[in-house]
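Trainee: Sequence and predicted structure are below.
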Protein chains: 2
Amino acid sequence: MRWQPNARGRLEQAAIALYGESGFEQTTVAEIAKRAGLTERTFFRYFTDKREVLFSGSEALKTLLAEAVAGAAASASPIDAVAAGLKAVALVFSGRHEYARQRGSIIAANAELQERELIKLASLVSVVTEALRRRGVMEPAARLAAEAGIAAFHVAFERWVDQTDQKDLWPFIQETLVALKTVTAGH
Amino acid sequence: MRWQPNARGRLEQAAIALYGESGFEQTTVAEIAKRAGLTERTFFRYFTDKREVLFSGSEALKTLLAEAVAGAAASASPIDAVAAGLKAVALVFSGRHEYARQRGSIIAANAELQERELIKLASLVSVVTEALRRRGVMEPAARLAAEAGIAAFHVAFERWVDQTDQKDLWPFIQETLVALKTVTAGH
DNA sequence: AAAATGATGTCATGGACTGTCGTCGCCGGC
DNA sequence: GCCGGCGACGACAGTCCATGACATCATTTT
């Protein structure tokens, strides 16, 4: 075999390790590649940019979310369909609390990474909006339900990451959705 | 006088013009500086990066928003205080519809710019959250009201930009807030 | 066994950003 | 009025991210 297997995985591991050890800005792509036993050029064949290493999972999340929203009970209201989607997403994170925490602290330390995180969340909003539209929800309700749901998810996720007791993400999302409902009601 | 006045303004004008003419990625900082009669190095003395030119106004928006939320009637609910803040912001955009449209189309054409736009919106969320906290609103209500309000603003702003008839932004925000309330109510 | 394929390396280049230092008008103290 | 500091800018060199073009070579196909 001419090359070691799983080049992508090695790059990913090397990158996350270095981002954690030295910080995102301080680590160069050349260093990542070297630790993975590859070249800088090869890094960019697997990841479009230095940030994308930390976000490659988001594609799978999009399809999962889209399908779960689409598959919600036909009788479910828009926001409940979104909630069903978020529940499916929450399941994926069970047992990944520690990973989410590490990744979160890397991202929290760098503005560029926060930008990327936000655009990934925005792409989730798009996907959910589209799924709701297919369920027959009209604009702007579809977009707003998606925005509200993803915002709740975001807040709930941060709260979940910031504590150690509760393993499951879903209860956090549920609580947050209820709180959101209360707050938008206006009294 | 050794140099022409208003270096910053000239850079801003040059940049926006070039971004509009040739696209954001295609225009180099060297070109911008040259058109402004300055050097690349000077560009980076005024703007932290190539994108920031299009977002320098957001700082003023933050303070305006914070003060308007803080200054809302003491009896106002959290979401109404946010709405009061958004109303103040909306006023700023009266008469800037055309500018908003141009700027919006530049941003829509480039993912990096969308990332920056999103982080600026996120910073508005932070500011509003903080203002609500000072009003005595507890977490997570403060954060959620801020997220919901800014999401509504975002949606309303896009709708406002995408049409030509209605000059005022505020009615769009009002409608969107009502729609959000309906959608989060869940039926 | 020759040819196509695919993963990687090598080389070269452009462009964003940064550090450093030099220049030179301007301004305040004296 | 002279002088030294200050502020705004230019000049220059350097780093790193990112990408294109092409070479290499094991594996697979035919």
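Mentor: Cool, the structure landed.
Trainee: residues from chain A in reach of chain B?
Mentor: Residues of chain A lying near chain B by C-beta under 8 Å from any C-beta of the partner chain: A:77-80, A:111, A:114-116, A:118-119, A:122, A:140-141, A:143-145, A:147-148, A:151-152, A:154-155, A:159, A:176, A:179-187. For the C-beta atoms, the positions are set from N, CA and C on the backbone; glycine is no exception.
Trainee: how about a cut-off of 6 Å?
Mentor: Residues of chain A lying close to chain B (C-beta under 6 Å from any C-beta of the partner chain) are A:77-79, A:115, A:118-119, A:122, A:140-141, A:143-145, A:147-148, A:151, A:155, A:179-181, A:183-184, A:186-187.
Trainee: I'd like to know which of the residues you listed are part of helices.
Mentor: Per DSSP state H, helices hold the following members of these: A:78-79, A:115, A:118-119, A:122, A:141, A:143-145, A:147-148, A:151, A:155, A:179-181, A:183-184.
Trainee: and the closest residue to A:Phe47 other than its chain neighbours, what does it touch?
Mentor: Spatial nearest neighbour of A:Phe47, chain neighbours left out: A:Val53 (5.3 Å); criterion: C-beta to C-beta, 6 or more residues apart in numbering or on different chains. Contact analysis of A:Val53 by C-beta atoms under 6 Å, 6 or more residues apart in numbering or on different chains lists A:Glu12, A:Ala15, A:Phe47.
Trainee: most neighbours, which of the residues you listed?
Mentor: For the contacts of A:Val53, the largest number of neighbours (other C-beta atoms under 10 Å in any protein chain shown) sits with A:Ala15, at 26 neighbours.
Trainee: Could you list the low-pLDDT ranges of chain A?
Mentor: Within chain A, the stretches with pLDDT under 70 are A:1.
Trainee: Pop the domain breakdown of it in here.
Mentor: Following the assignment in automatic domain parsing, chain A carries domains at A:7-53, A:57-185.
Trainee: quick one: terminal-to-terminal distance for the last one?
Mentor: Right, the one you point to is domain A:57-185. 35 Å (C-alpha to C-alpha, to the nearest Å).
Trainee: next one: the shortest one
Mentor: End-to-end distance for domain A:7-53: 13 Å, by C-alpha to C-alpha.
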